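Q: Please find the sequence and the predicted model below.
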Amino acid sequence: MLSAGCKTGKIVGIKEIKKEISALRKESKKIVFTNGCFDIIHAGHVGYLNKAKTLGDILIVGINSDKSVRRLKGRGRPVISEEDRAYVAANLKPVDYVVIFDEDTPYNLIKEIMPDFLVKGGDYDGKTVAGKDIVESSGGRVILIDFIGGKSTSNIIKAIKEPFKD
């Protein structure tokens with residue numbers, strides 16, 4: 001767990017992000033939202049976030065809480081705590097704000113944020129994107145960004161474990 005001195009003003013709660021968005025919309029800023037576990041942030045994540053940022057002015061990243069990651073990914077995940085994952089993501093150049101959420105999907109968070117662009121990875125092609133209905137009904141767009149081949153947290157975990165198998 002990070003000490004209080006390591007926190008950044010870019011990690012915010014729902015009330016704070018709603019207040020920020022209200023001010024940003026008055027400046028006609030375009031809001032981009034994406035989400036994920038971001039457990040063991042790697043080059044694929046960074047490339048994805050860089051592409052997402054090019055779609056608008058402000059990039060908000062929703063990070064699944066530890067409980068949410070365990071429900072989605074199973075025992076042994078996340079490898080990195082939600083506080084540390086949020087801190088690392090908040091300190092990446094393209095990221096403006098990070099919000100940790102506890103649900104399995106960011107549907108309720110998206111409803112509160114109402115982004116202009118909802119971004120997901122290319123692996124969502126043909127799948128249901130949580131919040132798509134909300135974003136499109138308000139005139140926003142859902143954008144799928146291609147992944148960088150072979151870059152995944154699961155692959156990294158396997159590569160780390162492999163040499164230690166007996």
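A: Good, I have the coordinates.
Q: what residues are up against residue 140?
A: 114, 115, 116, 117, 118 (CB atoms under 8 Å, 6 or more residues apart in numbering). Using the backbone N, CA and C atoms, a C-beta is placed for each residue, glycine as well.
Q: Now do the strands in this protein.
A: 31-36, 58-64, 97-101, 117-121, 141-145 (DSSP state E).
Q: about what we covered before: just flag the most distant two among the contacts of residue 140.
A: 114 and 117 (11.1 Å; CB to CB).
Q: Between the contacts of residue 140, which sits nearest residue 134?
A: residue 114 (7.1 Å).
Q: separation between the nearest residue to that closest one once chain neighbours are set aside and residue 31?
A: Nearest residue to residue 114, sequence neighbours excluded (CB to CB, 6 or more residues apart in numbering): residue 138, at 5.6 Å. The spacing between residue 138 and residue 31, counted by CB to CB, to the nearest Å, is 11 Å.
Q: Identify the contacts common to those two.
A: residue 114.
Q: Now do the end-to-end distance for stretch 30-42.
A: Terminal residues of stretch 30-42 are spaced 26 Å apart (CA to CA, to the nearest Å).
Q: distance between it and the chain's centre?
A: A distance of 2 Å separates the centroid of the chain from that of stretch 30-42, by CA atoms, centre = their mean, to the nearest Å.
Q: And it, what's buried?
A: For stretch 30-42, the neighbour count (16 or more other CB atoms under 10 Å) marks 31, 32, 33, 34, 35, 36, 37, 38, 39, 40, 41, 42 as buried.
Q: and if you look at stretch 76-83?
A: Under 16+ other CB under 10 Å, the buried positions of stretch 76-83 are 77, 78, 79, 80, 82, 83.
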